[in-house]
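Colleague: Give me a 3D structure for the following:
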Amino acid sequence: MQRRRIAVAAAVVVAAGAAVAFTLPSMAGTTPSSKAAKPSPGGVAPQILAAMKRDLGLDGDQATARLQRSKWASGVSAKLSAQTGADFGGAWLAADGNTLKIAVTDPAAQEAVRAAGAEPVLVKRSEQALVKAKESLDSVRSEAAGITGWYVDVSTNKLVVVAKPGEQAAAKKLARAAGVAAGSYAVVVSTASPKPLFDVRGADPYFIAVDGGTARCSIGFSVEGGFVTAGHCGEVGTTTTGFNQQAQGVVRASTFPGDADMGFVEVNGDWTPRAVVNDFEGNELPVAGNTEAPVGAAVCRSGSTTGTFCGTILAKNQTVVYPEGAVTGLTRTDVCAEGGDSGGPWLSGDQAQGMTSGGSGDCTVGGETFFQPINEILAAEDLTLVTSGGGDNAGAGNGGGEAAPPAESAGACDDQAVQRSGTLPRARTAQAQPDGAAFRANAGRQTACLTAADGADFDLFLQRLTNRGFRTVASDTGEGDKSISFNGRSGTYRYVVVATSGNGTYDLGFSTP
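Modeller: Numbers count the residues shown, from 1 in each chain. Take a look at the predicted model:
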């Protein structure tokens, strides 16, 4: 049988309950073209630059510079989050797309922010405190009548609760029920009613059986062994067929509603995952990596109904209340979308960001759209994004908390973004890092390296904060220097250094996605 290429398109489920009649689009509309988009001198596909010019008013040089600045800001934000630990208040790019602002709660941390090339903002509440408040709201989401969602707004240093018109009192009642302090949140009124974009007639479709009928979805991003898409596109165990009605694969993971809107389809040997996004104009846009862009960064999405549109990331980790139930962890944007664009890919330059979940409005009057961050499913299911090279790949290999091989020497720690040192006075003592506190990390790969004084045996543990306290998710024990490589979900983490035997100083280096 002829091998078929997996294209990247939008995902959608047609309303189930009865058989759905459909007509397959022509081959030109359902398979990726052979025309690969050639990157500009700045490394960005010209189709992305053209969309940014149309939607953001940027010329080619300005768009390229903004994307490069966004990638730089991602690295600086991650480093400062780990460096400042519990003092970190969040990061965002200002409206100019160039100024990176870093909020901190400790005045002493402002110098580290300036040294990194960012602008410090002194705030009252740490990002950890705001995220904890948001998670308190998540715990009572079943009581969210009249509310469409909530999220942490790092630029105002507050939790924002989005209420329907006339439902401000309901928002305050929900906050009180969750135990959120009055001064730490704000209520915003919105007429938007977010919904999953189920009604897509996508290009490059695949099909699933739903309650005796047929539902149609489209592919998101290619990963090794298959592709990721929206979670509302089939339950675990559902079989799929491709656009050519040939057997394609099986849904191996699906979450919706709840903690995410994400799914993974494992394909058979007749389908070959490729590192491209179909722009629905006869081009294939390259996917080089999956570095997460910060709040304020430019982002573009592709969808089979409306094509390619661009805008700005407005907030992360938002809980959105859909008619089917609340979904947490989504990213909010001001990019328009319509039915048929659901599940489609989001790119910042050539870096994969996520898959369309839902939204409100349309591309005539405008609106807002939410996407599911791709790094969450890469970490949760230990998947590897198929890339064209030239970018980071936070989902690659050695996931699930397995320790990487020990570092060859103390020098192997020098390339880690954050450096910390300490002293353990005797055996069976321990220290938490950074500086006795914890740090926020995006989804993706975290790495660390530990060297100890001669004659001492120190072990290294990475712990994640849960509703039952800190729990170890990765470790390296035994003799010699230690190192950890862990592919995890976003959250609050800390490293713990334990003296198994001996005492003395240690050096710890670690990096976050």
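
Colleague: Now the helix or strand containing residue 215 - C-alpha only, CSV.
Modeller: Here residue 215, judged by DSSP states H and E, is contained in strand 213-218. Only the C-alpha atoms of strand 213-218 are listed here, as CSV (Å, rounded to 0.1, in the frame of the first residue of the first chain):
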residue,chain,number,x,y,z
GLY,A,213,-22.4,7.9,13.8
THR,A,214,-19.2,9.3,12.3
ALA,A,215,-17.2,12.2,13.5
ARG,A,216,-14.5,14.0,11.6
CYS,A,217,-11.3,15.5,13.0
SER,A,218,-8.0,16.9,11.7
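
Colleague: Tell me which helix or strand comes right after that strand.
Modeller: Taking DSSP H and E, what comes next after strand 213-218 is strand 221-223.

Colleague: Quick one: residues in contact with the helix or strand just after that next one.
Modeller: Next along the chain after strand 221-223, taking DSSP H and E as the criterion, comes strand 226-229. Outside strand 226-229, the residues that touch it by C-beta atoms under 8 Å, 6 or more residues apart in numbering are 6, 8, 11, 217-221, 249, 252, 262-267, 271, 273, 343, 355, 374, 377-378, 383. For every residue, glycine as well, the C-beta is placed using N, CA and C.

Colleague: If we use 6 Å, what do you get?
Modeller: Outside strand 226-229, the residues within contact range by C-beta atoms under 6 Å, 6 or more residues apart in numbering are 6, 11, 219-221, 249, 263-267, 343, 377.

Colleague: list the contacts for the residue nearest to residue 383 when sequence neighbours are not counted?
Modeller: Counting by C-beta to C-beta, 6 or more residues apart in numbering, residue 383 lies nearest to residue 223, which is 4.4 Å off, once chain neighbours are set aside. The contact partners of residue 223, taken as C-beta under 6 Å, 6+ apart, are 383, 384, 385, 386.

Colleague: Likewise for residue 433?
Modeller: 420, 495, 508.

Colleague: Which strand or helix spans the first one?
Modeller: It refers to residue 420. Residue 420 belongs to strand 418-424, assigned by DSSP H and E.

Colleague: which sections of the stretch 301-450 of the chain are below the confidence cut-off?
Modeller: 340, 389-412 (pLDDT under 70).

Colleague: rerun that using 80 as the cut-off
Modeller: Low-confidence segments of the stretch 301-450 of the chain, defined by pLDDT under 80: 304, 339-342, 389-412.

Colleague: still on that earlier bit, just send the contacts of residue 433 back as TSV, with distance to residue 181 too.
Modeller: As requested, these are arranged in TSV below (distance: C-beta to C-beta, whole Å):
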residue	distance to residue 181
420	32
495	30
508	34
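
Colleague: just those now: which is nearest residue 142?
Modeller: residue 495 (35.6 Å; C-beta to C-beta).

Colleague: What number of residues are in the vicinity of the closest one?
Modeller: For residue 495, the neighbour count with other C-beta atoms under 10 Å is 24.

Colleague: and it, what is it in contact with?
Modeller: 433, 462.

Colleague: now residue 83
Modeller: Contact partners of residue 83, counting by C-beta under 6 Å, 6+ apart, are 112, 418.

Colleague: try 8 Å this time
Modeller: Contacts of residue 83 by C-beta under 8 Å, 6+ apart are 112, 418, 434.

Colleague: From the contact counts, what lies against the lengthiest strand in the chain?
Modeller: Using DSSP state E to define each element, the chain has its longest strand at strand 307-322. Counting contacts by 3 or more C-beta pairs under 8 Å, 6 or more residues apart in numbering; DSSP states H and E, strand 307-322 packs against helix 46-56, helix 127-139, strand 147-153, strand 298-303, strand 325-333, strand 351-362, strand 366-373.

Colleague: and the angle from the fifth one to strand 298-303?
Modeller: So the one you mean is strand 325-333. Strand 325-333 and strand 298-303 are oriented at 120 degrees to each other (axes from the mean of the first three to the mean of the last three C-alpha atoms, to 10 degrees).

Colleague: what's the answer for the first one, then?
Modeller: Here helix 46-56 runs at an angle of 110 degrees relative to strand 298-303 (the same axes, to 10 degrees).

Colleague: got it, and the second one?
Modeller: Relative orientation of helix 127-139 and strand 298-303, computed by the same axes, to 10 degrees: 30 degrees.

Colleague: Keeping just the C-alphas, turn helix 127-139 into PDB.
Modeller: The C-alpha trace of helix 127-139 is given here as PDB (Å, rounded to 0.1, in the frame of the first residue of the first chain):
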ATOM      1  CA  GLU A 127       3.500  33.700  40.800                       C
ATOM      2  CA  GLN A 128       3.300  30.600  43.000                       C
ATOM      3  CA  ALA A 129       0.800  32.400  45.300                       C
ATOM      4  CA  LEU A 130      -1.300  33.400  42.400                       C
ATOM      5  CA  VAL A 131      -1.200  30.000  40.900                       C
ATOM      6  CA  LYS A 132      -2.200  28.500  44.200                       C
ATOM      7  CA  ALA A 133      -5.200  30.900  44.300                       C
ATOM      8  CA  LYS A 134      -6.200  29.800  40.800                       C
ATOM      9  CA  GLU A 135      -5.900  26.100  41.700                       C
ATOM     10  CA  SER A 136      -8.300  26.900  44.700                       C
ATOM     11  CA  LEU A 137     -10.800  28.100  42.100                       C
ATOM     12  CA  ASP A 138     -10.200  25.000  40.000                       C
ATOM     13  CA  SER A 139     -11.200  22.900  43.100                       C
END
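
Colleague: Off-centre distance for it?
Modeller: 18 Å (C-alpha atoms, centre = their mean, to the nearest Å).

Colleague: Would you mark the buried spots in stretch 132-148?
Modeller: 132, 133, 134, 137, 138, 141, 144, 146, 147, 148 (16 or more other C-beta atoms under 10 Å).

Colleague: Out of those residues, which two sit at the greatest distance?
Modeller: 132 and 146 (23.8 Å).
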